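Colleague: below is the structure, and that's it, no one-letter string:
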C-alpha cells in the first residue's frame, strides 16, 4: 500500500463535480417551497421615517417584528441587526423580506415597497470617523533608542482598496421549518457560525437548529460570516410562511450587499543604518470596517501582527484601529488583514533600499527573520523559520539580479516581495474554539466527521490522506461525512489556514488512537467482530505556546508559512496597461499533503493577488458600489495570467499533520507589493493599489522622496 500523504491522489469530490452530479444550493428543492427576496435601503445613513408596502395577496412579508429572538447577527459584537428597525447605516442594508411561490413575481418590487428617510450625513473616510470598532497596540523594545541608533529615518504611506471575493457561486440558502427544528441548507464556509446566529435570532435551543452545507462554489472568506445573515432572513420567512424558503442572490445583489476586503491606510516610519540594518519600526494601520463590526477586530489583529513583515527588529511600535464608515460592512477575505499590511512593509522596503542606496535583496537578507529571532510580539521562531531560504530560491530561480540590471530604463520591470503568514487562529483563538474532530470505524475503514467545509480547496481529500496514512489503510477506504451540525462536531470555521494544520492534526490524532484500539486487527476484521466505534479529539495547544491578549505579546501562531514572489511585467508607454509576463512563487509550507492541490492553491492565490494589485477596483459612489456587475468589476482570467513557476519548500512543523503548515491564505500576501516594486523598477512611484492605468499615468516618474532626517 502506497502512502497517501505527499501523493496526488484522486479528489474525493472530483467525479461528482466533473459529471454534474454534485448538488449545489440552487439545484435543491423541497415540496411547497417558495422564494424569498430582500428589500434594502437606498441611502447610506439615516432614519426610516415611514414604510409603504402595497403588495397583493400571495406574498409573505416579514420585518423585524417577526423575529422571535434577538435582532442581531450573532458573531463577535451584537451591533448588526438582521433587519433594520429605525436606523440604516449603509446602502443595501436589509429592511424587509418578501416571499412568493412564483420567483419572477419578486422582481421589481421597488414599485410596491418603498421607504421614507430622514437622511444623516454619511462618513466615508475612516480617519474622519469617531467610531472605532477595535484598537490594538504592539510594543517591543525602546522605540526612541531604536531611532537614536539609526543613520536615516524614512517615512512612507501606502493604501489598499476594497476587493471582492467573487466566488463563482453567489450566496444562497434554503430554510426548511419543522415542528421541532429549523433546518438551513446553504453555500457556506462556517456551519457553526450560522448555527449560532440562528439560535440567537430564533430564540431556540441549539438542538432545534440544524445547518447543512451543500456543495459550495468557492468562498475566499466571503462565505465566512455573511451566510449567517442570509440564513436568518430565510428562516424568518420560512417561519412566517410555514413553508421552505429558498433565497439565492443574483450577482448584482451579491456584489452590492456582501462583505469585501477592508481598505487600509498603512504608514511606516523606519530607522535604518547606512549599512542596511533596521533599528526601529513605527507603524500605523487604519482599516475601514464599513458600517458594522463583523470580523474587523480579528482582521485588524492579524494585520497588525504581520505589519512589520518577516524582519528582525528590536524596537517596534505598531498602532492599529478599525473604523466605522457608511458603506456595507467589510469582512473576511483570503489573507485576513495580512495582504494589506504586508503590501505596506514590502513597498516600503524597496523605497527604503533606494533611499540608502542598497540592493533590495541585500536589504532583505540583512534583516530577514531566522530561527531563534523574535517577531514584533516577541515570539521566538523555531527552526522551521524560512525567510532566507525562500528569498534566495526565488532570486535564483527568477534570475532576479540579472534582469534587474538588464531591464533598467526600459518598459520592463522586475520586483519581489518577502512575506510570511501565521497558521491558525491568532493568539488564544484556537484554545477558545476548543475544536473537535471525530473518526468513526466503518466496515472497510473509517469515516471522517468534522465541520470543516469543502469549498473547492480540497478539504475532504486532504483530510482523508492524513487519516489513511495515520490509520494505515488505503486512501479509498476513508469516507467523509457531509457537513451537518446534527452529526459532526464543531471543528471551528474553515478559515485562517487552519483546516489542514489544526483540524488535520486532530484527525491524525484520532486515527492514531483508533489504530491503537484496533490492535493487530484490520478495520474490517474489527468491525465484523466488535462493530463500530468513534474516536474524538479536542484541540490542545502545543507545549510552551503562550499568548497575552491584553498586551499583544507572545506566541501569536504555532507556526508560520513563508513565501517570496518575483513578478516580471511590461508597461505599455501609451496606454499604461500593465502586463505581467512571468511570476515566480516560492512557498515553504511544512509539508505538501497533496502537492498538486497545494500548487493549485499557490497559483490561485497568486493570480488573485495580481488582480488585487492591478485591476480589481471597487468603485464606491455615495456609499454604493457603482460597478456591481462583471462587465466592469474586472478579475484576472486565464488570458490575463502570466506564466507561473511554483516552487514548494518543506520544513516540517512539529505540531502539524505530517509536518504541514497552512497554504491557502499565504499566496495572496505577496503579489501586490511585488507588482508595485516591479513598477518602481520601471520608474513609476506608485504607493496604492490597484495600480490601474489611470493611477499609473498620474504617478510620479522619479524616485520616491521619503521624509528623512539624520538621527540623533
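Modeller: Thanks, I have it. Just so we're clear, the structure is a prediction, and the values are computed from it rather than from any experiment. Numbering: from 1, shown residues only.
Colleague: shaky segments in this structure?
Modeller: Scanning the chain for pLDDT under 70 picks out 702-712.
Colleague: residue farthest from the centroid of it?
Modeller: The C-alpha centroid of the chain is most remote from residue 529, which lies 46.1 Å away (C-alpha atoms, centre = their mean).
Colleague: and the residue nearest the centre of the chain?
Modeller: The residue lying closest to the centre of the chain (C-alpha atoms, centre = their mean) is residue 334, at 2.4 Å.
Colleague: okay, the residue farthest from the centre of the chain and residue 109: tell me how far apart.
Modeller: With the distance defined as C-beta to C-beta, to the nearest Å, residue 529 ends up 63 Å from residue 109. From N, CA and C alone the C-beta is placed, and that goes for glycine too.
Colleague: how about residue 152?
Modeller: Counting by C-beta to C-beta, the separation of residue 152 from residue 109 is 62 Å.
Colleague: next one: residue 492
Modeller: Counting by C-beta to C-beta, the gap from residue 492 to residue 109 is 39 Å.
Colleague: so which of these two has more stuff around it?
Modeller: Ranked by neighbour count (other C-beta atoms under 10 Å), residue 492 and residue 109 place residue 492 first, with 29 against 18.
Colleague: now do the domain split for this structure, please.
Modeller: 14-22+429-538, 31-121+166-257, 133-163+260-426+554-710 (automatic domain parsing).
Colleague: out of those domains, which gets nearest to residue 4?
Modeller: When the domains of the chain are compared by C-beta to C-beta, domain 14-22+429-538 sits nearest residue 4, at 4.0 Å.
Colleague: can you give me the end-to-end distance of the closest one?
Modeller: Using C-alpha to C-alpha, to the nearest Å, the end-to-end distance of domain 14-22+429-538 comes to 30 Å.
Colleague: before we move on, back to that, now do the contacts for the residue nearest to the centre of the chain.
Modeller: 165, 220, 221, 605, 608, 664, 665, 668 (C-beta atoms under 8 Å, 6 or more residues apart in numbering).
Colleague: wasn't the fifth one part of a helix?
Modeller: Yes. Secondary structure assignment (DSSP: H, G, I helix; E, B strand; the rest coil) places residue 608 inside a helix.
Colleague: mind listing the helices for the stretch 551-700 of the chain?
Modeller: With DSSP state H, counting those that start in this stretch as the criterion, the stretch 551-700 of the chain has helices at 595-614, 671-681, 693-698.
Colleague: what angle separates the second one from helix 595-614?
Modeller: Think helix 671-681. Using axes from the mean of the first three to the mean of the last three C-alpha atoms, to 10 degrees, the inter-axis angle of helix 671-681 relative to helix 595-614 is 50 degrees.
Colleague: list the buried ones in helix 671-681?
Modeller: By neighbour count on 16 or more other C-beta atoms under 10 Å, the buried set for helix 671-681 is 671, 672, 673, 674, 675, 676, 677, 678, 679, 680, 681.
Colleague: which of those residues sits closest to residue 269?
Modeller: When the buried residues of helix 671-681 are compared for distance to residue 269 (C-beta to C-beta), residue 673 wins out at 18.2 Å.
Colleague: how much space between that closest one and residue 609?
Modeller: 9 Å.
Colleague: check residue 314 too.
Modeller: Remark: distance between residue 314 and residue 609 (C-beta to C-beta) = 31 Å.
Colleague: quickly list what residue 441 is bridged to.
Modeller: Note on residue 441: beta-bridge partners residue 446, judged by DSSP bridges.
Colleague: meant to ask about residue 211, not that
Modeller: Here residue 211 sits in beta bridges with residue 184, as judged by DSSP bridges.
Colleague: hang on, isn't it packed against residue 196?
Modeller: No. Look at residue 211 against residue 196 with C-beta atoms under 8 Å: they stay out of range, at 9.5 Å.
Colleague: what does stretch 6-25 contact?
Modeller: Identification of contacts with stretch 6-25 by C-beta under 8 Å, 6+ apart yields 169, 172-174, 185-187, 214-217, 246, 248, 454, 458, 460-461, 464-465, 475, 480, 591-597, 658.
Colleague: give the buried subset of those as a PyMOL selection command.
Modeller: The PyMOL command for the buried members of the contacts of stretch 6-25 (criterion: 16+ other C-beta under 10 Å) is given here:
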select buried, resi 169+172+173+174+185+186+187+214+215+216+217+246+248+454+458+460+461+464+465+475+480+591+592+593+594+597+658
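Colleague: can you tell me, leaving aside adjacent residues, what's nearest to the residue farthest from the centre of the chain?
Modeller: Spatial nearest neighbour of residue 529, chain neighbours left out: residue 521 (7.1 Å); criterion: C-beta to C-beta, 6 or more residues apart in numbering.
Colleague: how many residues are close by that neighbour?
Modeller: Per other C-beta under 10 Å, the neighbour tally for residue 521 reads 13.
Colleague: ok now do residue 226, which residues does it touch?
Modeller: Counting by C-beta under 8 Å, 6+ apart, residue 226 makes contact with 171, 258, 259, 331.
Colleague: and the two most separated of those residues?
Modeller: Of all pairs drawn from these, the one with the longest distance (C-beta to C-beta) is 171 and 331, at 12.5 Å.
Colleague: most tightly packed of the domains of the chain?
Modeller: Compared across these, domain 133-163+260-426+554-710 shows the largest average neighbour count, a mean of 22 (mean count of other C-beta atoms under 10 Å).
Colleague: host element of residue 154?
Modeller: Element membership for residue 154, per DSSP states H and E: strand 152-160.
Colleague: got the contact list for that strand?
Modeller: 147, 261, 263-274, 280, 339-340, 343-344, 347-348, 351-352, 355-356, 612, 672, 687-689, 704, 706-711.
Colleague: helices - which of those residues land there?
Modeller: Among the contacts of strand 152-160, the members found in helices (DSSP state H) are 147, 339-340, 343-344, 347-348, 351-352, 355-356, 612, 672.
Colleague: ok, those vs residue 502, which is closest?
Modeller: Among those, and counting by C-beta to C-beta, the member closest to residue 502 is residue 339, at 21.4 Å.
Colleague: my guess is that closest one contacts residue 673. True?
Modeller: No. Using C-beta under 8 Å, residue 339 is not in contact with residue 673; the gap is 9.1 Å.
Colleague: if I pick the spatially closest residue to residue 252 that is not a sequence neighbour, what's in contact with it?
Modeller: Excluding its sequence neighbours, the residue lying closest to residue 252 (C-beta to C-beta, 6+ apart) is residue 628, at 5.1 Å. Residue 628 sits next to 251, 252, 255, 256 when contact means C-beta under 8 Å, 6+ apart.
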